[in-house]
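**Student:** build me a model:
(one chain, ligands or ions: 1)
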Amino acid sequence: MCCAIDLAQRGVSVVVAERRPAGQPPSVKCNHISSRTMETFRRFGVADKIRAVGLPDDYPNDAVVRTRATGYELARIPIPCRADRFTDSSGPDGWWPTPEPPHRVNQIFFEPILFEFARNIPEITILNRTEIRDVEQGEDGVRAQAVDLDTGKSIEIQAQYVVGCDGGRSTMRRKIGARLTGDAVIQRVQTSYIRAPDLINRITPPRAWMSYLYNPDRAGNLVAIDGKETWLVHNYLLNDEKDFESVDRDACIRSLLGVNEAFEYELLQKEDWIGRRLVATHLRDRRIFLCGDAAHLWVPYAGYGMNAGIADAITLSWQLAAVVNGWATDGMLAAYEAERLPITDQVSRFAMKHAKGAISERTSIPPEIEDSSLEGEAARTAVGKATYELNVQQFACAGLNYGYYYDSSPIILYDGAEQPAYTMADYTESTVPGCRTPHFWMRDGSSLYDRLGPEYTVLTFDPYLDIEPLLQAAQSVGVPITVLNLSGEPAPACYDTRLVVSRPDRHVGWRGDELPVEIDAFVDRLRGGRSS
Ligand SMILES: Cc1cc2nc3c(=O)[nH]c(=O)nc-3n(C[C@H](O)[C@H](O)[C@H](O)COP(=O)(O)OP(=O)(O)OC[C@H]3O[C@@H](n4cnc5c(N)ncnc54)[C@H](O)[C@@H]3O)c2cc1C
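**Tutor:** Have a look, this model is predicted:
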C-alpha cells in the first residue's frame, strides 16, 4: 500500500491486487510504527490521522518486564503516551532527531486509515478479492494473470512493472526464482488475541503498552491493544513444544497473566507464528521486484518487519517512478537491490542476535524470582537490570531507524569517507553519501524534512555559491531538483560541506564544497546513467 501511495503521489498509475475483501479487518500483528515509517506517513500527509488512533491519549507507551501480568515488575523502559510524545524528551528515545517519533499502535487501527487514504487517490485502483496467479514479462512490460475470487473470472492486468508485496508465501518470489536462505525456525510463538475486561484492574499501575512476562514456568509477552479490554498474548513455546495445538493455550494464558480458573476472558483470534531469519537471494528479475515479507522474514524484535518492508517500498517507489516518468534511465533500477539487500541481511542479523539474547534470558529465570524473600528481591533486581540493558536497545533502536546507509549504490556519488558504524540502538548523524539526510529544526520552527522537495533537493549552505550549472544540467535531462538555501540555519555540525544533495528518500546522494566539473556526468550518475 505504501509503495502504491508513493508511486501515485509521484504521478504513476498503480493497480493494487489484493486477495482480501475490501474492509476486512487486518490481523492483529504489528504494534509499532517506527519513526522512519512515521516520517514517510508525514510526507504522504497521513501521519496525523495515524497518530490519532490506538491507545488512549494518556496511556503510557512504556515497555515493562514482569514476572506475570499481575506479578512483580522487574524493569520499565519509559516511552511517552501520545499526549506527551512531542514534549517529553526524558526517555531513551527522547533525543531522536526527527519530526516524527515512533508510534505504538496496532495494525487493526492504522491499516484501514492507509487503505482509505489510498482509495481516495485517483491514480490508485484497488482490486479486492483478486489473486495474481502468474506474470509474464517482455521487453516493454508485464502481463499479470489474475482471478476474481468471487466470480472465478480471469483478469489480465498489463503494466510496466510488478512489485511483489505479497507476503511470506510470495508468488512473485517463486516467479523470479528467488529462494529464502537463513534460519527457518528461531522461535515458535502461540499467540492469542483476547478480550479480558477485568485484566486492566488486576495489573498494578502505571500501565504499559508491552509487557514481557518472565517466570520460571514459561515466558510470554502481553500487548495492550485498545488500552481497555483487548490484549495480544504471545506464549513463547518451549524447545520441545513443536506443535501449536498440543500446547494448552488456556492454561498458558492464565499462567502468563497470573490469574486463576475463575478469571474470565474471551479468545477472539489465534495468531500463532514462527520467528525466522530468512532473506531472499535476490529482489529483482528485470521488471519484477520484491518488497516486504516477500523479500525477508525475521523475528519481530524491535518491530522491524513491516517497517523494513515499508523502507523497501519507498526506496523502490521513487526509483521506479523516476524511470516511469522518464527522468531516470533503466540503470536506476539496479540501485534497489544494491541498496536494500545488504541492509536486509544486516537487520535480519540484528534481530536474530537480539532474539538469541532474549531466549537465553527468559530460559534462565531464577526459580526464586517470585518469592517475597530477600533472595527473591535480589533475583528480581538482577534480572531487571539485565533485561533493561538488553531491551532498551530494541525499544529505542535509533540505529535501525536512522543509522543504516547504502554503501554500494550505483546512483550515489561516494567521496571516500566511511559511513559511521551503527548498532540496533546507536546512530551517529552524518552527511557521508549513502547516510540518512540528517534532520534538524529550522529557525522558524519548521522541520527540514517539510522543506525538502519531492524529488532531489540540493541543500546549499553558501548563498554565494553558483549552482546554476547543476540546475541547467538537471533541467536539460528533466531531473527535478529543488534548491533549499540553509545558510544561517542551525544545522548540526555534520553538515560540514557547502552543498549536499538529498535524494527523494532522504538519503545523501552527494556532498561537496564545489559543484563537480563534469556536471552532466554527475547528473547522469544521479539518474542511473546516460540515456541511450
Ligand atoms: C506477531 C507478530 C507481530 C509483529 N509485529 C510487528 C511490529 O510491531 N512491527 C513491524 O514492523 N512488524 C511486525 N511484524 C511483522 C509484520 O507483520 C510483517 O513484516 C508485515 O505484515 C509484512 O507486510 P507485507 O505487506 O510484506 O506482507 P503481508 O502483511 O503478508 O501482506 C501481503 C498481502 O498480499 C496479499 N497477497 C498475497 N499473495 C497474493 C496474490 N497472489 N494475489 C493477491 N494478493 C496476494 C495477502 O492477502 C496480504 O494482504 C509482526 C509479525 C508478527 C507475526
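**Student:** so whichever residue of the stretch 101-250 of the chain sits closest to the ligand is in which element?
**Tutor:** Closest approach of the stretch 101-250 of the chain to the ligand (Cβ to the nearest ligand atom) occurs at residue 167, with a separation of 2.7 Å. C-betas here are computed from N, CA, C, even on glycine. According to DSSP states H and E, residue 167 maps onto no helix or strand at all.
**Student:** burial of it, as a residue count?
**Tutor:** Residue 167 has 15 neighbours, counted by other Cβ atoms under 10 Å.
**Student:** burial measure for the nearest residue to it once chain neighbours are set aside, as a count.
**Tutor:** Closest residue in space to residue 167, ignoring its immediate chain neighbours: residue 293 at 4.8 Å, by Cβ to Cβ, 6 or more residues apart in numbering. Neighbourhood size, residue 293 [other Cβ under 10 Å]: 21.
**Student:** what distance do you get for residue 293 to residue 48?
**Tutor:** Residue 293 sits 27 Å away from residue 48, going by Cβ to Cβ, to the nearest Å.
**Student:** got it, and residue 295?
**Tutor:** Between residue 295 and residue 48 the computed distance is 30 Å (Cβ to Cβ).
**Student:** compare those two and say which is more crowded by neighbours.
**Tutor:** Between residue 295 and residue 48, counted using other Cβ under 10 Å, residue 295 has the larger neighbour count: 29 against 9.
**Student:** residues contacting the closest residue to that one other than its chain neighbours?
**Tutor:** What sits nearest to residue 295 in space, not counting adjacent residues and going by Cβ to Cβ, 6+ apart, is residue 280, at 4.7 Å. Contacts for residue 280 (Cβ atoms under 8 Å, 6 or more residues apart in numbering) come out as 173, 178-181, 290, 294-296, 341, 344.
**Student:** SS state for residue 17?
**Tutor:** Using DSSP: H, G, I helix; E, B strand; the rest coil, the secondary structure recorded for residue 17 is strand.
**Student:** for it, which non-adjacent residue is spatially closest?
**Tutor:** residue 130 (4.4 Å).
**Student:** so what does that neighbour have for phi and psi?
**Tutor:** Taking degrees, to the nearest 10, you get phi -120, psi 130 for the backbone angles of residue 130.
**Student:** within range of the ligand, give me the residues from the stretch 201-350 of the chain.
**Tutor:** Counting by Cβ under 6 Å from any ligand atom, the stretch 201-350 of the chain comes close to the ligand at 271, 273, 292-294, 300, 303-307, 309.
**Student:** could you do the chain as well?
**Tutor:** Looking at the ligand, the residues of the chain close enough under Cβ under 6 Å from any ligand atom are 17-20, 29-32, 131-132, 165-168, 171, 191, 271, 273, 292-294, 300, 303-307, 309.
**Student:** out of the residues you listed, which sit inside strands?
**Tutor:** 17-18, 32, 131-132, 191, 273 (DSSP state E).
**Student:** hmm, which of those are the buried ones?
**Tutor:** Among those, those buried by neighbour count (16 or more other Cβ atoms under 10 Å) are 17-18, 32, 131-132, 191, 273.
**Student:** can you show me the helices along the stretch 401-532 of the chain?
**Tutor:** Using DSSP state H, counting those that start in this stretch, the helices of the stretch 401-532 of the chain run over 448-451, 468-476, 519-526.
**Student:** and the helices in the stretch 151-300 of the chain?
**Tutor:** Under DSSP H, counting those that start in this stretch, the stretch 151-300 of the chain gives helices at 171-175, 199-202, 249-257.
**Student:** contact partners for the residue nearest the centre of the chain?
**Tutor:** Centroid-nearest residue in the chain: residue 307, 1.0 Å away (criterion: Cα atoms, centre = their mean). Residue 307 sits next to 32-34, 36-37 when contact means Cβ under 8 Å, 6+ apart.
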